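Student: need a 3D model of the sequence below.
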Amino acid sequence: MLRGNDAIDLMGKDTVLAIADLSQRVKSDLGHNLIEWAVVDDELLLLQVQDSAVHEAEEPMVVPAALAHPFALHFVRLAHGHSGEIADELLLGWRTGAPNDLVAWPFRGTDRDAAYAEARRIAADLTSQAWDEPAETAMAHASLVLRRMRSDRPNESIEALRDLHPVDENQAATLLGIVDYLDRTDAAQGRRGRGRWEPVLAGVLALQGDVHEGEPSVGGVGAGRLVWLDSSKRTSDVRPRDILVTQYPLQNYSPLLWDAAGIITVGGAPTAHLFEVARSLTVPAVINCPIAEIVRDGPCLGMLDGDAGRVSIVRI
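Tutor: Predicted coordinates:
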């Protein structure tokens, strides 16, 4: 094994520093501490990643019973439709006080900082309306309730969020439009990773979704929108944290796993290279699960348990 000056003498200082930077980014983004790399035409390429620790099989998924409440499904549908840090900050504290089918008003501005300031002002006003409290108190109250909703005891939060007061629909539609604009201007250029509401979504779907059995391939739990893939050349509909569903585990789908919540195949074998890539990226996978027609028939959310080989689905 080469270390220190020996590695620099062989590969050059710039290459060693680039490898070190790549290793640190993999640790930060993926939580893994081993990488396989190559240099092709002076370009450093990441081939595989994994954790050097030997992990025992994961414990079975434990879900708070309160997530079986019908309102919990209503709330996670809204939360999934407004995913991201900006939506968490500006929308979820009052969103259940507005109609489900509220349509965003297009935002015409171009100044990102001004738009964000205006969004925060409107969000404070709407949160005050929803909680019937002064804005500062209401914002703190909403933050606490949302945090508890993500805990192992969401009962009180479900009751509180279910009983919010109606909010001004014009203000709400205006804010939705601004948040859409902020999301576009802040579009991430790297891996987004699991969001804070994904475990809640997984728990709700585990209790309330229609269950479909498959076979385990890559362990772990993921939840998100199910998207059908019939060709590696037609992937424009794929978004970060989607669950990919395909007929067979074709290697050409590997790049799409970078920010996927999971992958489900209707057929195939667990030894396929696609699942090796999924394992290296900690993307859970289930195989031989006959849900193709369900996913093709319309938009739905799903949860997959890669240890149990189980998928749960609800319509959006």
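Student: ok, then the element right after the biggest helix by length in the chain?
Tutor: Across the chain, the longest stretch assigned as helix under DSSP state H is helix 112-131. Along the chain past helix 112-131, the next helix or strand (assigned with DSSP states H and E) turns out to be helix 135-149.
Student: what helices or strands is that next one leaning on?
Tutor: If you count contacts as 3 or more CB pairs under 8 Å, 6 or more residues apart in numbering; DSSP states H and E, helix 135-149 packs onto helix 112-131, helix 155-162. Heads up, the C-betas are built off the backbone N, CA and C, glycines and all.
Student: hmm, 10 Å instead?
Tutor: Other elements packing on helix 135-149 under the criterion 3 or more CB pairs under 10 Å, 6 or more residues apart in numbering; DSSP states H and E are helix 70-81, helix 85-90, helix 112-131, helix 155-162.
Student: so for the longest helix of the chain, mean pLDDT?
Tutor: Confidence over helix 112-131 (mean pLDDT, whole number) is 96.
Student: kindly provide the distance from residue 295 to residue 289.
Tutor: Taking CB to CB, to the nearest Å as the measure, residue 295 and residue 289 are separated by 10 Å.
Student: anything in contact with each of those two?
Tutor: Residues touching both residue 295 and residue 289 (CB atoms under 10 Å, 6 or more residues apart in numbering) are 245, 264, 266.
Student: the closest residue in space to residue 65 that isn't next to it in sequence: neighbour count?
Tutor: In space, and not counting its chain neighbours, residue 65 is closest to residue 207: 7.8 Å by CB to CB, 6 or more residues apart in numbering. The tally of other residues near residue 207 (other CB atoms under 10 Å) stands at 18.
Student: surely residue 207 meets residue 72?
Tutor: Yes: with contact defined as CB atoms under 10 Å, residue 207 counts as touching residue 72 (8.2 Å).
Student: so what sits against both of those two?
Tutor: Common neighbours of residue 207 and residue 72 are listed as 64, 66 (criterion: CB under 10 Å, 6+ apart).
Student: residue 105 against residue 173, yeah?
Tutor: Yes: the pair formed by residue 105 and residue 173 meets the contact definition of CB under 10 Å, at 4.5 Å.
Student: so where's the stretch 101-250 of the chain uncertain?
Tutor: 186-192 (pLDDT under 70).
Student: how about residue 15: what's its closest non-neighbour residue?
Tutor: Closest residue to residue 15 apart from its sequence neighbours, by CB to CB, 6+ apart: residue 39 at 6.4 Å.
Student: for that neighbour, what are its contacts?
Tutor: Counting by CB under 10 Å, 6+ apart, residue 39 makes contact with 11, 12, 15, 18, 19, 45.
Student: quick one: buried ones out of those?
Tutor: 15, 18, 19 (16 or more other CB atoms under 10 Å).
Student: just these now: which is nearest residue 89?
Tutor: For the buried ones among the contacts of residue 39, the minimum distance to residue 89 (CB to CB) is 35.4 Å, reached by residue 18.
Student: how much space separates the closest one from residue 229?
Tutor: Look at residue 18 and residue 229: by CB to CB, they are 33 Å apart.
Student: one more: residue 13?
Tutor: According to CB to CB, residue 13 and residue 229 sit 43 Å apart.
Student: quick check: domain ranges of the protein?
Tutor: With automatic domain parsing serving as the domain definition, the record reports that the chain contains domains spanning 4-50, 65-185, 200-315.
Student: hey, which of those domains is tucked in deepest?
Tutor: Mean neighbour count (mean count of other CB atoms under 10 Å) peaks for domain 200-315 among the domains of the chain, with a mean of 20.
Student: gap between the two ends of it?
Tutor: For domain 200-315, the first-to-last residue distance is 17 Å (CA to CA, to the nearest Å).
Student: go on, stretch 277-294?
Tutor: End-to-end distance for stretch 277-294: 26 Å, by CA to CA.
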